[in-house]
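Engineer: show me how the following folds:
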Amino acid sequence: VADLVPFLPAHRTAGVGGEQSVGAVSAAPLGNAAVLPISWMYCRMMGADGLRAATEVAILSANYIAARLADHYPVLYSGGDAALKGGGVAHECIIDIRPLARTSGVGAEDVAKRLIDYGFHAPTLSFPVAGTLMIEPTESEPLSELDRFCDAMIAIRREIALVENGTWPKDDNPLKNAPHTAAALLKTDWPHAYSREQAAFPVAGLRRQKYWSPVGRVDNVHGDRNLFCSCVPLTVERE
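Structural biologist: Below is the predicted model:
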């Protein structure tokens, strides 16, 4: 262990690190030092019964989602249990978008962006399998929220079907153009093959409570390759 001391991470403000350090590895000098105490506190406060109950609810919630979506999307890494719709999963449910991408051109990223219009932050995208969505409801979500999410995913599958049958073009549909901002919907010109209503209110519940995305479609690849902000200067924004 002593041989590794010269290579310990350094930090500009704390004066720590070895002589042959490569620099800081995190923003804080000691890293995430609280990660273990936080985990310990959670376990202590939950207790054995609480941890078991939380685990059971998390697994039940994931299987509920798998069962509701099994008729609409392939479910990966299920246990193949014929007695369980969806095959039986653990605490997370992985749905495969790749077959739909081949028939419609709509990929997992398009589904993730469209979920914003439905009021959801997208699940884990393309991990652990490319072209999939990994849904992990945990023990925290109530049944009403699970149903709202499943209803959104089923509605999105119906939208994909409209692309598959040619009702909407593969390059101009609510999924390829998602998310839709209020500013875009209020423009006089609407050149798309679908209606403003379909873009903003694909399910009835959104008329009562709607999250509006502050920005439209973002080029993820460009953002990953260009780490520095390319926004207009604040002086221009003020004007």
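
Engineer: so what does the longest helix along the chain touch, helix or strand wise?
Structural biologist: Using DSSP state H to define each element, the chain has its longest helix at helix 35-69. Other helices and strands packing on helix 35-69, by 3 or more Cβ pairs under 8 Å, 6 or more residues apart in numbering; DSSP states H and E, are strand 93-96, helix 143-164. Bear in mind the C-beta positions are built from the backbone N, C-alpha and C, glycine included.

Engineer: can I get these in CSV with distance to residue 82, mean neighbour count and mean pLDDT?
Structural biologist: Formatted as CSV, the helices and strands packed on helix 35-69 follow (distance: least, Cβ to Cβ, whole Å; neighbours: other Cβ atoms under 10 Å; pLDDT from 0 to 100):
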stretch, distance to residue 82, mean neighbour count, mean pLDDT
strand 93-96, 18, 23, 97
helix 143-164, 22, 17, 98
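
Engineer: between those, which one is nearest to residue 34?
Structural biologist: Each of the helices and strands packed on helix 35-69 has some distance to residue 34 by Cβ to Cβ; the shortest is helix 143-164, at 28.9 Å.

Engineer: helices or strands up against the closest one?
Structural biologist: When contacts are defined as 3+ Cβ pairs under 8 Å, 6+ apart, helix 143-164 sits against helix 35-69, helix 98-104, helix 108-117.

Engineer: mind redoing it with 10 Å?
Structural biologist: helix 35-69, helix 98-104, helix 108-117, strand 132-135 (3 or more Cβ pairs under 10 Å, 6 or more residues apart in numbering; DSSP states H and E).

Engineer: for the following helix or strand past that helix, give the mean pLDDT please.
Structural biologist: For helix 143-164, the following helix or strand on the C-terminal side (DSSP states H and E) is helix 182-185. The average pLDDT within helix 182-185 is 96.
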